[in-house]
Each structure stands twice: as C-alpha cells, then as structure tokens.
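Engineer: Okay, sequence plus prediction incoming.
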Amino acid sequence: DQQVKQNSPSLSVQEGRISILNCDYTNSMFDYFLWYKKYPAEGPTFLISISSIKDKNEDGRFTVFLNKSAKHLSLHIVPSQPGDSAVYFCAALGGGTSYGKLTFGQGTILTVHP
Amino acid sequence: NAGVTQTPKFQVLKTGQSMTLQCAQDMNHEYMSWYRQDPGMGLRLIHYSVGAGITDQGEVPNGYNVSRSTTEDFPLRLLSAAPSQTSVYFCASSGGGKTYSYNSPLHFGNGTRLTVT
C-alpha cells in the first residue's frame, strides 16, 4: 500500500517555463514533507522541505505547497533550467512511528528542454 | 569531504551467493539506513540504525541482515541472493541523533547496482 504517490512518471517542460511536480499521500499522521532530486548514477540530494503547520515554503526558484485537506503537495520550479532535469522524489515523515522513517514516492522524471 | 561512501558500485551475483554491501560515513551521524530503488516503486527502507549496536527493520527487510558495530559503518548483508534482490541500493545517514531530525535531511551515497542472475 503506497502511502506516498507520485502519479506522473514523467514531465517535460521548456526552459524558462514553470515545472509543477505533484505528490499525494494517504497517511494523515505525516507531519513533514521533503523533496529530493536525483541525477543518474548519483544518490538523491535534499532539495526543500515543509512542515505540516505551513502551507508554503520557498527557496530561490523552488517552492513547495502543501494542501493538508487534500493530502497533496506540489513542487514548483520557476524558471525551469536544463540542469533541473532529474528524477524528483517526494518523501514524508511521521506516521506515528517511534522513530522517523522516510516514506518515498515513486519519483517523477523531469526533462527541461533548452 | 567524503560524506557517505558505498562499495562496490556494481556487483553481479548468482542466485544463492552471499555478499556484503559496504557503507561508511565520516560525518559522525547517529542515524543510518539502507534503501532499495526499483522502477515504479521509489525508494523503500530496508533496515535502519539509530546508533552503534541498535538496528531495526524497515519496510522490506526480508533477505537482508545488518549490524552496526561502529558509528561510521553500516554494512548490508545478503545471505542467499535471489533475483528479486536485483536493485539499486542506497545507504543514507543523518545527523539527527537517535530519531530522524526534521532539520537534518538524509545524506545519500551514490548507490550500489546489484544484479542477481
């Protein structure tokens, strides 16, 4: 049972435009959400996070939005650059466990065309 | 500044063989974990450790053993490899102490690509 879902396996956008990556979750106990970025042959690297007490967090070109009632979060990249082409994973933390265990989505492959 | 180091980068095993995937970190992190990445499945937690001498199971622990004798090292052992264990394995660590800290994201190694024939 996938508690964190990224329903779009891939996304293609033009350089300079906005990229919007989506993520849905089912466990209402999750209270912290993160986005990771992964290039081929490398490990994932942390990008941005948001606590469930907020609905928006911004860091440069990256903004994460959280809609708790819909159990939905999204990552906006504006403007998109070719170097942003990578796999993006959303992840959630909490869920009522004694120790933190990150639960990841399946990932979305973002391709930014020059 | 090595961070999290995984060896080997690639490995091919035959069904039934055993091997150990090595993971070392030089950041003095208490929390370490192993994930596997499979197409369409994302990253799934295999085992984790909140400090030397303490380990626990994640989402997909069957077929894997771990131990944590030092803060730096967290090896993953496959006792009898199966084709279903063909995957990319990532080790990760965090400086968040004995629980994963919201302010201390996971640092990942570059992965080990394992093929079991």
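Structural biologist: That came through, no problem.

Engineer: Sketch out the low-pLDDT regions of chain B for me.
Structural biologist: B:1, B:96-103 (pLDDT under 70).

Engineer: Ignore what I typed, I meant chain A.
Structural biologist: A:95-100.

Engineer: Chain B contacts on that one?
Structural biologist: Of all the residues in chain A, those in contact range of chain B (C-beta under 8 Å from any C-beta of the partner chain) are A:4, A:6, A:9, A:32, A:34, A:41-46, A:49, A:51, A:89, A:91, A:93, A:99-107. Yep, even glycine has a C-beta here, placed from its N, CA and C like the rest.

Engineer: Give me the buried entries from these.
Structural biologist: Neighbour counting with 16 or more other C-beta atoms under 10 Å in any protein chain shown marks A:4, A:6, A:32, A:34, A:43-44, A:49, A:89, A:91, A:93, A:100-107 as buried within the residues of chain A next to chain B.

Engineer: which residues of the chain fall in strands?
Structural biologist: All of this is about chain A. A:4-5, A:10-14, A:19-25, A:30-38, A:45-51, A:56-59, A:62-67, A:72-77, A:86-94, A:103-104, A:108-113 (DSSP state E).

Engineer: That was the other one, I meant chain B.
Structural biologist: B:4-7, B:10-13, B:19-25, B:31-38, B:42-51, B:54-57, B:64-66, B:76-78, B:87-94, B:107-108, B:112-116.

Engineer: residues contacting residue 32?
Structural biologist: The chain I'm using is chain A. Residues near A:Tyr32 by C-beta atoms under 8 Å, 6 or more residues apart in numbering or on different chains: A:49-52, A:92-94, B:102.

Engineer: meant chain B, my bad for not saying
Structural biologist: Residues near B:Met32 by C-beta under 8 Å, 6+ apart: B:23, B:25, B:48-49, B:68, B:74, B:91-94.
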